[in-house]
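Chemist: next comes the sequence, and after it the predicted model I'd like to discuss.
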Amino acid sequence: MSPLLCLILLPIAGAALAVAGFPARKMAITAAVLNLVACVAILGFFQPDKTGYQFLSSFPVLPSLGISFTLGADGLSLVMLLLSTVVTLAAVTVARAPQSNAHWFYASLLFISAGAIGAFASVDVFFFYMFHELALIPTFLLIGIWGSGDRQTAAWKVTIYLAFGSFVLLIGLIGLYLAMPVGARSFDMRAIAEHAQLGTLFAHDTVHSFSLFGFEYLSINHSQIIYLLLFLGFGVLVSLFPFHTWAPQAYASAPAPAAMLHAGVLKKFGLYGILRLVTPIFPPHIAAPFNTLLLVLLLGNILYVGLVTISQRKLDLMLGYSSVMHMGYIFLGILSWNALGLTGAAFMLVAHGLSIAALFALSGELRERTGTLDFSELGGLAKAMPTFGLLFGFAAMASIGLPGFANFAGELMVFFGAFSAGVRSNTGFNEFQIATAIGVWGVVISAVYMLRAYRRIFMGPLVERRKSLADIAPLPKFCIAGLILLLLIAGFCPQLLVQYILPALTRP
Amino acid sequence: MKAFLLSPEFKVVTLGIVLLMLDSFTNTKKRHIAWTGMVGLTVLLGLSFFPGLPEVAFPRGFYLTDPMAIFFKRYMLLSTILVIALALDYAQVYEEFIPSGRPGAGLGEFFILPIFACAGLMWLVSAADFIMIFVSLELVTMCFYVLVASMRKNLHSLEAGVKYLILGALSTGFLVYGITWITGLTGRTSLDGIRDVLPIVPQGYQVALMFGLGLVLVALGFKVAAVPFQFWVPDVYQGAPTPVTAYLSVASKAAGFVVLMRVIEPFLIVPGLEHKIISVLTILAALTLIYGNLAALPQINLKRLLAYSSIAHAGYLLIGVASVGADTSGPAIGFYLGGYLLMTFLAFLVLVHVGRVTGGDEISDFNGLGRRSPVLALGMLIAMLSLAGLPFTVGFFGKFLIFEAAMQSQQYLLVALGAVTVACGFYYYLKVVRAMYWQPVVADAPAIPVPAFTKLLIALLSAGIIIFGIYPQPLLAMLR
């Protein structure tokens, strides 16, 4: 019995009690607090000097297919678990109970949390996938019932988009499974990594020809099909350009805690999956042919979506787009395929998760107070609520990547990693160096939209009727300040997290 | 003869005849007849798990008792029990449409005919001879002709009855004609015999053989609702009494798939023929997937939606049939059908109760069900999520196993199509979820009372969906 099972079951138990009629908010907060405490305790018992997964427990579910319910954690998954529990606590605390069906509201939030935690704690690919999907329906209900704006369209779009992406991913995972030699197939991540190491994973890699009426229009290795399927499947879930259109609308319409959990934690599933199942497994000669394509796509994330973000006129949509944009950096770190870049990417997962959660929490509070998030109707709010303005300023700076915040450390590692990636070219810069040189401008773009948003909301003249707006309440203030504090700590001492992340990524 | 008397089918027929006698010659209450039927079938279902009963020894190549046959015999018994349970709940609606002054007239047949259909279905899944297949298929279809049209004062039911009769007769014609061709060319009626003879059938006969098999495939295409033989499905499903619709979409379809797998199996060993058969099945699967899912998108009537969804599920199952090259395709199809039974009956069970109170089966009749009856809404939620294929439900594992088999036999086109249509499926199944949880309750809508027995059934079916969705091993073990 792994202690990780507690982390999954606690939110589910909280949700069940909330639905059963116990006070929903109290149940949710209790479950989230207990979960955070449990997670910190697990971190305390974790032995960083040992390689491989710890706290393992396994239960065979489908032995004939090599599927078992295996839980375990290494440094990387522990960091993600910590992120999940922290953001969950912040989300249920800042959540305001809706007028109707409050118990379903909190239960849905806890289910999203349980799904994310289950995915990060799974060692079996099959359950890793299943837990992520568990969060799909709560998201649908949260956006559809308690959302704002064009919530119905947003809810449909996010659900169908993610369901499609998940099934593409599932097919890729089945392909990966079938690429193993017959008789030794398994969905266990450790087994897959072992096969990759021994060279038996793509041992019988054959060319598959797609033909139409006898005319061959595409010949591609099976391994490359699988690589693309995995990258696209995970990419849709992480809003890789051009599959990003579900994200901004969904985050804008979702109630604040749902957006915090989804953008801050659940979306990280895709990137975590790539770090687990793509980079350590595929040999470079399979991946290399697609580098240029993927670099162009991620520059689309940074530049195209960045420019779209600048043009937004509402805070919620702007935050949604900015969260899509930042995925570009993380993809850049992953594609660099070296220890520095991968560590940077993993580090940014945490940094971005914390900062976007703080921003969505603040934007939810703002909507609650003023009833609008349109820049043209806001202004001068720092006079009425100075603490709120201060917190927003900190969160915005973190999101831009100001030195001192974790985001800066992550971006720095990503850029250094990416610049040294690829094959050195004698004649000039290689594709990675060009992409890094272009991608760096994303920092400027983030500065433009974040600072402008800050100016439009908090500076300038204050409307008379907003003079008496109440400043942020103590409980949300404490939560958001906590998130920012964590960002600062990780920003000043990145080694605190890197010491857990690095061994997990460089394991042979 | 002794073997025949000991076979489970014979016991089912005996049960049916005894109940028919009770209904005709005594004043037994109709409800009690239904209960007796359910209890009898449950006992038979329980007996099927006891080993040591004498092996049924039919002549070789006539009657099979392989794991698949045994699994599907239990499947048919279970679905018949559920159909009678549904019919009990539906009786109130049913009686309104029976033209008779005597209370309860026609109800007895409504409860008893499924038992005879069950016997036919059980013979069908064991059948290994074209004669046996034909005879048991006719027994099933005859029962369904009556059941579909039995609400005689309801025009929709009558329309459904006529359509089902005409197209059923047509497909029977195709089946007999196809069997004639195959038997004429091979001189055998049993599948085993055909397998033995096929390798020595001259090359020149292959076109004729393909023609005969094609006719049989058309007939079975009608039974499993594969496109382009699906056009009877929406009207018949919508018009038939709801329990009969559930029976048609679960048991009849499952039997069709079992026969389909058994019939094509001997032909696959002939070199040159295998490729053609798989191509035909691939095209059928692709068309069925596309048509079923796209046509389901705009539906506003839940029964019709479920009809199109049953076509869509036939598409996924056909992916499995088209992947016969993979050794996992048989168990995958069996597992998928097992899950399909649980989720379809759960959906129809909720539909019967909502339809009884609201008097309709439009999706809008489900508005605000989450408030009016949380139990029914939760049951429907689980059924819809499982039909859509969400993880932690049996529907997901079914799709996973089918896709796994398809990837193994390199049916990439079908897999890609499957991923797209699954996304479609999320839309139309979640439409029901939206109605139940997003939409406001209609003003002064009464709460829906749910009998304790129905609550128990909902709990059991939901538990089955979730348990097999997390731990599918027991179900799969039965198939291997």
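Modeler: Received the coordinates, thanks.
Chemist: for A:Leu56, grab the count of nearby residues.
Modeler: A:Leu56 is flanked by 14 other residues according to other Cβ atoms under 10 Å in any protein chain shown. All C-beta spots, glycine's among them, are computed from the backbone N, C-alpha and C.
Chemist: how about B:Gln92?
Modeler: With other Cβ under 10 Å as criterion, B:Gln92 counts 10.
Chemist: what sits against the closest residue to it other than its chain neighbours?
Modeler: In space, and not counting its chain neighbours, B:Gln92 is closest to B:Arg356: 6.2 Å by Cβ to Cβ, 6 or more residues apart in numbering or on different chains. By Cβ atoms under 8 Å, 6 or more residues apart in numbering or on different chains, the contact set of B:Arg356 is B:89-90, B:92-93.
Chemist: tell me the one of those nearest chain A?
Modeler: B:Asp89 (26.4 Å; Cβ to the nearest Cβ).
Chemist: element containing the closest one, please.
Modeler: For B:Asp89, the host element (DSSP states H and E) is helix B:67-96.
Chemist: and what of B:Ile448?
Modeler: Per DSSP H and E, there is no helix or strand for B:Ile448.
Chemist: that one: neighbouring residues, count only.
Modeler: 17.
Chemist: still on that earlier bit, how close does the residue nearest to B:Gln92 get to chain A?
Modeler: The spacing between B:Arg356 and chain A, counted by Cβ to the nearest Cβ, to the nearest Å, is 26 Å.
Chemist: what's the offset of the helix holding B:Asp89 from the middle of its chain?
Modeler: Offset of helix B:67-96 from its chain centre (Cα atoms, centre = their mean, to the nearest Å): 11 Å.
Chemist: hmm, back to that, quick check: the farthest pair among the contacts of B:Arg356?
Modeler: Using Cβ to Cβ, the pair of the contacts of B:Arg356 lying farthest apart is B:Asp89 and B:Val93, separated by 8.9 Å.
Chemist: more crowded one of the two?
Modeler: Per other Cβ under 10 Å, whichever of B:Asp89 and B:Val93 has more neighbours is B:Asp89, with 21 against 16.
Chemist: and the pLDDT for that one?
Modeler: Listed pLDDT for B:Asp89 reads 89.
Chemist: list the contacts for it?
Modeler: Contacts of B:Asp89 (Cβ under 8 Å, 6+ apart): B:349, B:352-353, B:356, B:451, B:454.
Chemist: what's the PyMOL line that selects buried ones from these?
Modeler: The PyMOL command for the buried members of the contacts of B:Asp89 (criterion: 16 or more other Cβ atoms under 10 Å in any protein chain shown) is given here:
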select buried, chain B and resi 349+352+353+356+454
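Chemist: of the contacts of B:Asp89, which is the nearest to A:Gly353?
Modeler: Among these, B:Leu349 lies closest to A:Gly353 (Cβ to Cβ), at 42.6 Å.
Chemist: how about the secondary structure of the closest one?
Modeler: Of the three states, B:Leu349 takes helix according to DSSP: H, G, I helix; E, B strand; the rest coil.
Chemist: surely it touches B:Ile458?
Modeler: Yes - with contact defined as Cβ atoms under 8 Å, B:Leu349 reaches B:Ile458; the gap is 6.4 Å.
Chemist: just list what the following helix or strand past the helix holding B:Asp89 packs against, helices and strands only.
Modeler: Remark: after helix B:67-96, the chain's next helix or strand is helix B:107-126, criterion DSSP H and E. Contacts defined by 3 or more Cβ pairs under 8 Å, 6 or more residues apart in numbering or on different chains; DSSP states H and E place helix B:107-126 against helix B:8-25, helix B:30-47, helix B:67-96, helix B:130-148, helix B:242-247, helix B:253-267.
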